[in-house]
Each structure stands twice: as C-alpha cells, then as structure tokens.
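Q: Build me a structure from this.
(chains A and B)
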Protein chains: 2
Amino acid sequence: MHDHTPCVDPSQLQSVYAPLAESIRRLIDVSIRTEAEPAAAAAARAKIDAAAAELGETAQPGPVGVRHMPDGGTIAWGNAVVGVRNPLAPPLVVHHDADGLVWSEFTLGAAYEGPPGHVHGGVCALVLDHVLGAAAHQPGRPAYTGTLTLRYRRPTALERPLRAQARVGRTEGVKAFVVGHLADQDGVTVEAEGVFIHPRQAPA
Amino acid sequence: MHDHTPCVDPSQLQSVYAPLAESIRRLIDVSIRTEAEPAAAAAARAKIDAAAAELGETAQPGPVGVRHMPDGGTIAWGNAVVGVRNPLAPPLVVHHDADGLVWSEFTLGAAYEGPPGHVHGGVCALVLDHVLGAAAHQPGRPAYTGTLTLRYRRPTALERPLRAQARVGRTEGVKAFVVGHLADQDGVTVEAEGVFIHPRQAPA
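A: Modelled structure (predicted):
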C-alpha cells in the first residue's frame, strides 16, 4: 500500500513545518479567546486566507499518513495526537521507559475545552487511546485499538500540567491488555483499560 | 461560578467569529498537506503570526466556557467538538429527534488522522463521548461522563461521510445509560456505551 511513501527531510521538518504548526496552534488559541471587533477580525481573517492560499498551492491531495525518515524510521507527522505538523495535536511527546512504562506530560489550553474550564471528556479519551496504544506498539508492528474503557473520576482542568501513562499488563496471542491513566498534580482524573490488537503480519 | 457569563451577540457569532474559525480550519488542513518550500512556508507563517498578534490584542485570559444567548439559551462556542468558534472542532451539529435519538453527520479530514488514511481511534472516542453525552443531556441539567466503553469493529476512513448517533437506554437515579455508534456508509465502525451522571442540582 505504501510503496512510494515519500522520504522526509528532517531538517525541513524541524526548521519549516514544525514552527508553522506551532504558529497555527497559537492562532487557534487566540482566535477562540479574542473579542476582536468585526473589522479587526476581518483583517486577521484576510491574512489567514492568504496564508492558506499560499500553502494550498503545493498541498498534496488527501491526508499525510506515515513518512519514512532517512534513518529508516517512520514518523506520523499528521497524527491528531503526536503529529508535529498537525496544529490540532498538542502535540504529545511520548516517552518509552526501559521497564515498559509509556508516558507523556503536557498542558491543554482553550482549544480542548468541554465543561467550562475543563478538558473535554472526549479529549481525555483521545489522549489515553493514543498513549495506551503506544504502550502496546512494537517496532514495525503497530497496534490497533480493539476496546477502550474509560472511568472518569473527576474533572480534568485546562491549563494545568497533566500526565498520561500506560503499560501492558499482559498479552494473549495478538492481544495486548493495557492499563493507564490521566492525572493532574492532585492525582488520577481518568482511568483507562484497553485491548489492542497486533495484526499477525503486515504485508511487506 | 458563572455569575458574569458574558452575553453573546448572535449576529457577530455568525458574521464574524464563525467564518474566522472556518478560515482557520481550512488553514489547518492545507498546512498539514502542503509541500511548500521553506521561503513560501515562512511567508505564510509571517501572515499567520500577524493575524494571531492582531487577535491576541483583544483576547481574554483563559478558556471561553459557556456563553449566554439573548434568548436565555446557552452556547458552548469554544467546545472541542461542537464549538463553532473552535477551529479544532469539525464542528459537529447535533440533532435531537423527538423520539430521543441524537445524531450528527459529518466528514473528517487530514487533521483527524491516526492510522494512515483513517480517523484516529481517539478521535472516534472524542466524537462518541460528545454525542452520547448529548443524548444524556437534559435542558439546564448537563450530564458528565462517568464511564465510556468503545468497541472498534473496523477502521473508520477519513474524507467519507460519517454518522454518529446515540440514545438513552435506561436511567437509574442520577445515572443515564447511553448506547450509540459511529458508522460509515457500509455500517458501524465503532460501538459505544456510556454511563453519564447528572449532578443532583447545579448551584444557581
């Protein structure tokens, strides 16, 4: 399916595209919070439309998918949770400890709101699905979510340091049973359990 | 907590802020797919930073929360799933049928990607959490997610018409047991069950 996956130039990713996404993240945040008058909002919008037109001239059709790195690794730069090129992604940086613990620390702002002042419960689910999946992931053998169960213990506040973590509890054949949680500085806010499936063998 | 919730001018929401968010959604989409050269990306980024600076001059601190409408209703314009002012939100338009069925039809593009060409499993969870919660919601009595269980039956494709729907199966005291699913034109892709909690009485 991905015979012709384009190769990424890591220097351009870091110097050009990641800063572009970071600028758009700032724009998203202020655009939600602004009380700009109609004329000021229209002026800003004209700049945004001009930028989109410029970038659109060289936009490939369809989503980005996985790109190969020159070192043979892959990068999911458009991913909705970790994609450094995706302005929707916070983006999470996911760490893999030697003992199997997978974790990420981050803060979520106005764009992730559900109940007033709090992270949308579905955004908690989005983050936990990704971090639990990362715990189940094996090199060259991605894991797909089979089931995911979330228990919301209390609200998760916006604009406070958060931590998501997960580890594989056990495996049975192609299934990995993963447990994890989302926590703030006062403890766990959302607990998660997931069953992730490793397809037996991906086609070459 | 929300004594001084600002009142929204619906005409400005429709004429100024909703189009601004829509422009930023287009920008997000092309920014992920663009293959712009460094100079072109930098030129676009300068426009984006200028727009963010303009909007930032009148940005209130902190997230938006719920705003009151002149007709006495409320609107969650910053909400991560349905907020018309939130560029991260697709945004979903949620319909409530007389028989209790709650549903929304939408299409998700490159910004919502997980596995190549497919909706991130966590984005499916995000959408389903919201639609199941909307089914549990009662006027003036919001419902909070207690537990949410998702079963992923098959991948959900990007850029195809999708439908999420839910209804309350039964209630027990403050708990509403809700079932729903996400589907494409070939049938269900993700099944969901949730228990939503109505706080007994919100403070005036």
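Q: What does the residue nearest the centre of chain A show for phi and psi?
A: Computing the C-alpha centroid of chain A and ranking residues by CA atoms, centre = their mean puts A:Val81 first, at 0.6 Å. Torsion angles at A:Val81 (phi, psi; degrees, to the nearest 10) stand at phi -110, psi -40.
Q: Could you check how far it is from chain B?
A: Shown here: A:Val81 relative to chain B, a distance of 6 Å by CB to the nearest CB, to the nearest Å. In this view, the C-beta of every residue, glycine as well, is placed from N, C-alpha and C.
Q: same thing with A:Phe106?
A: A:Phe106 sits 14 Å away from chain B, going by CB to the nearest CB.
Q: A:His95 too?
A: To chain B, A:His95 is 18 Å away according to CB to the nearest CB.
Q: Burial check on the residue lying closest to that residue once chain neighbours are set aside, number of neighbours?
A: Of all residues not flanking A:His95 in the chain, A:Trp103 sits nearest, at 5.4 Å (CB to CB, 6 or more residues apart in numbering or on different chains). Residues contacting A:Trp103 under the criterion other CB atoms under 10 Å in any protein chain shown number 19.
Q: quick one: contacts for A:Trp103?
A: Residues counted as contacts of A:Trp103 (CB atoms under 8 Å, 6 or more residues apart in numbering or on different chains) are A:Val94, A:His95, A:Asp97, A:Val131, A:Arg163, A:Ala164, A:Gln165, A:Ala166.
Q: partner strands of the helix or strand hosting it, parallel or antiparallel?
A: Using DSSP states H and E, the element containing A:Trp103 is strand A:102-106. Next to strand A:102-106 in the sheet, as set by DSSP bridges, lie strand A:95-96 (antiparallel), strand A:162-172 (antiparallel).
Q: re the thing from before, so what's the residue nearest to the centre of chain A scoring on pLDDT?
A: pLDDT recorded at A:Val81 is 97.
Q: Contact partners for A:Thr189?
A: By CB under 8 Å, 6+ apart, A:Thr189 lies in contact with A:Cys124, A:Tyr152, A:Arg153, A:Arg154, A:Pro155, A:Thr156, A:His181, A:Leu182, A:Ala183.
Q: and those, which are buried?
A: A:Cys124, A:Tyr152, A:Pro155, A:Thr156, A:His181, A:Leu182, A:Ala183 (16 or more other CB atoms under 10 Å in any protein chain shown).
Q: and these, which two are the farthest apart?
A: Among the buried ones among the contacts of A:Thr189, the pair separated by the greatest distance (CB to CB) is A:Pro155 and A:His181, at 14.6 Å.
Q: Low-confidence bits of chain A, can you list those?
A: Residues of chain A that meet the criterion pLDDT under 70 lie in A:1-8, A:65, A:68-69, A:72-74, A:201-204.
Q: Quick check: can you list the domain ranges of it?
A: Following the TED database, one finds the domains of chain A at A:1-89, A:90-197.
Q: residues in contact with the residue of chain A most remote from its centre?
A: What lies farthest from the middle of chain A is A:Ala39; by CA atoms, centre = their mean that is 34.3 Å. If a contact means CB under 8 Å, 6+ apart, then A:Ala39 has no contacts.
Q: re earlier: next, format the domains of chain A as a markdown table and append distance to B:Pro116.
A: Listed next are these as a markdown table, based on distance: least, CB to CB, whole Å:
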| stretch | distance to B:Pro116 |
| --- | --- |
| domain A:1-89 | 3 |
| domain A:90-197 | 10 |
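Q: These: which one's closest to B:Gly117?
A: Short answer: domain A:1-89, nearest of the domains of chain A by CB to CB, at 6.0 Å.
Q: tell me how far the closest one is from the chain's mean position?
A: 13 Å (CA atoms, centre = their mean, to the nearest Å).
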